[in-house]
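Visitor: Prediction below, plus the sequence it came from.
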Amino acid sequence: MSVVTRFAPSPTGYLHIGGARTALFNWLFARHHGGSFLLRIEDTDRKRSTPEAIQAILDGLKWLGLEWDAPPTYQSKRLERHAEVAYQLLADGNAYRCYATQDELEAMREQARKEGRPIKYDGRWRDRDPAEAPDDITPCIRIRMPQDGSTTLNDRVQGEVTVDNAQLDDMVILRQDGTPTYNLSVVVDDYDMGITDVIRGDDHLTNAFKQAKVYALLGWQAPAFAHIPLIHGPDGAKMSKRHGAVGVETYRDQGYLPEAMRNYLLRLGWGHGDLEIVSTEKAIELFDLDGVGKSAARFDFDKLDNFNGHYMRQADDTRLTDLVQERLEAELGRELTGDDRSRLLAGMDGLKQRAKTLRDLSESAQFYVQRPKQLTPKADKQLSDDARARLGKLAERLAEVSNWNQDLLESETRDFAEGLDLGLGKVAQPLRAALTGSTVSPGIFEVMEVLGRQETLARLRAAAEADDTGDTGTGDAD
RNA sequence: GUCCCCAUCGUCUAGUGGUUUAGGACACCGCUCUUUCAAGGCGGAGACCCGGGUUCGAAUCCCGGUGGGGACACCA
């Protein structure tokens, strides 16, 4: 039988990092086995589900590159089928009507808590004669769970897990208003969708026992379960939308590449020997549930940064230029010119070697599209009066260069420094400060070449003419 | 409160009874390369939660403790 997995988020918030990883694992598992990966939106909680959240989840998955293989199933459109199954259970005697009121239920729970018993429905309508039913109360339907013995689940990640059936609740499957509840809907939908492998967060492990019973009562074959450990936040607690609203789009905005995110998420909870950098193709080839660990992992931005840096260095310059252009235009509040863009593209290779995120990248790229408005304190220090004077002389000399390329510029500059009996650094750093406004940049001769003869000389002359009073000397020259 | 799960460097992990002076990655600290910063190279510091067993031998198996996490709705 061909593998079918699904990702089934409830659209009550954005796609958070744990959900993203669950989706990734399901996707990888399906791809690895040549099966399909489906999406189901669990939007039956009408009060909390929003169209914005649905869109955010779809966008998040698309951004991550996790394409689903069929149009999404919307659970809210399947209510009738769920009810039908509930009535079937009722007809078969595997469910019953319950007339308990909310107040009664609350008192029941309170009592159980006090007596140290498991908090669950006490089954007061389980075997009661329907003739006793009060006619002023609309009943809900509860499933008849086994009371004795125990249930063992063979989870593909957690291994054998056993729970006493006494812990299992005669849960509501159809509410008073006739709508189904989660544990019924999931079973019916997974079954109807032909799901073979349910891979989801650890927090659903106890639900799996209830669901296993629903399958059994229905006489349906249950899928294989795999409950993966949750991702914890820095505080060590479950990372969820409630703990700080970290939707994947936030990571995108912070400048992470989807492939880096995928790789990082993969390594969070899954290992394969000493492998760290795993391309998506390789991940599809290698991924299996055996490699998934059993303990929760904490999210670590440093490592994500490291992966992101790796994938940025690897990334195509044109793609990065597109991404950076978008950001720069937003920051600068203007469209980039053709010249701006070709400088960015020409300088991208040098730039991307040094950045960890797209945010860093566009920040460090700024000087290619506009003269530095302000010097960093360290850069300002480089531009002493002496240094400025030297830059003026250097500018005169470079103006004579026959061919404006970095090799020639370098040898000219080295010559120049030697002539003054100075180390190259003594000239290069002020040069960097004047050209980029910073003490950190790609190789300075590369910068000169990308900037071009005219712009380089203009910036140098501006620096030479300014004094050491903190004036940037690089204001709008033209 | 009841039930379930987990436990190797700060973090992510490798390790499935001896091949281990416990390996790798990130972060950290040196050195190196060097026009700056990264990247790279080399080196360093850094962990098997505790206590009992089982065994000739335990990070690996068992039990207990401790710590952490999760689940206990007419939410999903």
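Guide: It's in. Numbering: from 1, shown residues only, chains lettered A, B, ... in the order given.
Visitor: And for the nearest residue in space to residue A:98 that is not next to it in sequence, the neighbour number?
Guide: With CB to CB, 6 or more residues apart in numbering as the criterion, residue A:98 has its nearest non-adjacent residue at 4.3 Å, and that residue is residue A:125. From N, CA and C alone the C-beta is placed, and that goes for glycine too. Neighbours of residue A:125 under the rule other CB atoms under 10 Å: 20.
Visitor: any residue of stretch A:84-95 up close to RNA strand B?
Guide: No: under the criterion of CB under 7 Å from any atom of the strand, stretch A:84-95 makes no contact with RNA strand B; the nearest approach is 11.8 Å.
Visitor: Show me which residues of that stretch are buried.
Guide: Buried positions in stretch A:84-95, judged by neighbour count with 16 or more other CB atoms under 10 Å: A:85-86, A:89-90, A:94-95.
Visitor: Same check on stretch A:322-337?
Guide: By 16+ other CB under 10 Å, the buried positions in stretch A:322-337 come out as A:323-325, A:327-328, A:336.
Visitor: now do stretch A:263-271
Guide: For stretch A:263-271, a neighbour-count test (16+ other CB under 10 Å) marks A:263-270 as buried.
Visitor: Which of those residues sits closest to residue A:407?
Guide: When the buried residues of stretch A:263-271 are compared for distance to residue A:407 (CB to CB), residue A:263 wins out at 36.7 Å.
Visitor: In JSON lines, list the buried residues of stretch A:84-95 along with secondary structure.
Guide: Below are these laid out as JSON lines (DSSP: H, G, I helix; E, B strand; the rest coil):
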{"residue": "A:85", "secondary structure": "helix"}
{"residue": "A:86", "secondary structure": "helix"}
{"residue": "A:89", "secondary structure": "helix"}
{"residue": "A:90", "secondary structure": "helix"}
{"residue": "A:94", "secondary structure": "coil"}
{"residue": "A:95", "secondary structure": "strand"}
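Visitor: okay if I get those as CSV plus distance to residue A:255 and pLDDT?
Guide: Compiled in CSV, these are given as follows (distance: CB to CB, whole Å; pLDDT from 0 to 100):
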residue, distance to residue A:255, pLDDT
A:85, 47, 98
A:86, 48, 98
A:89, 51, 97
A:90, 54, 97
A:94, 54, 97
A:95, 52, 97
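Visitor: Okay, domains of chain A per the record?
Guide: Dividing chain A into domains by automatic domain parsing, as the record does, gives the ranges A:4-70+A:232-306, A:77-182, A:317-368, A:377-465.
Visitor: would you list these in CSV and tack on distance to residue A:209?
Guide: Rendered in CSV, the data for the domains of chain A read as follows (distance: least, CB to CB, whole Å):
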stretch, distance to residue A:209
domain A:4-70+A:232-306, 18
domain A:77-182, 5
domain A:317-368, 43
domain A:377-465, 57
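Visitor: among the buried residues of stretch A:322-337, which are in helices?
Guide: Residues of those located in helices (DSSP state H): A:323-325, A:327-328.
Visitor: circling back to that earlier point, quick one, what contacts the residue nearest to residue A:98?
Guide: The contact partners of residue A:125, taken as CB atoms under 8 Å, 6 or more residues apart in numbering, are A:96-100, A:139, A:142.
Visitor: if we can go back for a sec, relative to residue A:226, which of the domains of chain A is closest?
Guide: Between residue A:226 and these, the shortest separation by CB to CB is 4.0 Å, and it involves domain A:77-182.
Visitor: Pull up the distance across the closest one, start to finish.
Guide: According to CA to CA, to the nearest Å, domain A:77-182 extends 14 Å from its N-terminal end residue to its C-terminal end residue.
Visitor: How about stretch A:437-455?
Guide: The first and final residues of stretch A:437-455 sit 14 Å from each other (CA to CA).
Visitor: which other residues reach that stretch?
Guide: By CB under 8 Å, 6+ apart, the residues outside stretch A:437-455 that reach it are A:343, A:346-347, A:350-351, A:353-354, A:364, A:367-368, A:371-376, A:378-379, A:382, A:398-399, A:401, A:404-407, A:409-410, A:413, A:428-429, A:431-433, A:435-436, A:456, A:459, A:472, A:474.
Visitor: returning to that earlier point: quick check: of the buried residues of stretch A:322-337, which lies closest to RNA strand B?
Guide: Distance from RNA strand B was checked for each of the buried residues of stretch A:322-337 by CB to the nearest atom of the strand. The minimum falls on residue A:324, at 16.3 Å.
Visitor: excluding its backbone neighbours, what's nearest that closest one?
Guide: If the residues on either side of it in the chain are set aside, residue A:324 comes closest to residue A:362, at 4.5 Å by CB to CB, 6+ apart.
Visitor: Give me the distance between that neighbour and RNA strand B.
Guide: Noted for residue A:362: a distance of 16 Å to RNA strand B, by CB to the nearest atom of the strand, to the nearest Å.
Visitor: Based on its surroundings, how many neighbours for that residue?
Guide: The local packing count at residue A:362 equals 25, with neighbours defined by other CB under 10 Å.
Visitor: likewise residue A:126?
Guide: Other residues near residue A:126 number 14, with proximity taken as other CB under 10 Å.
Visitor: I am finished for the moment; much appreciated.
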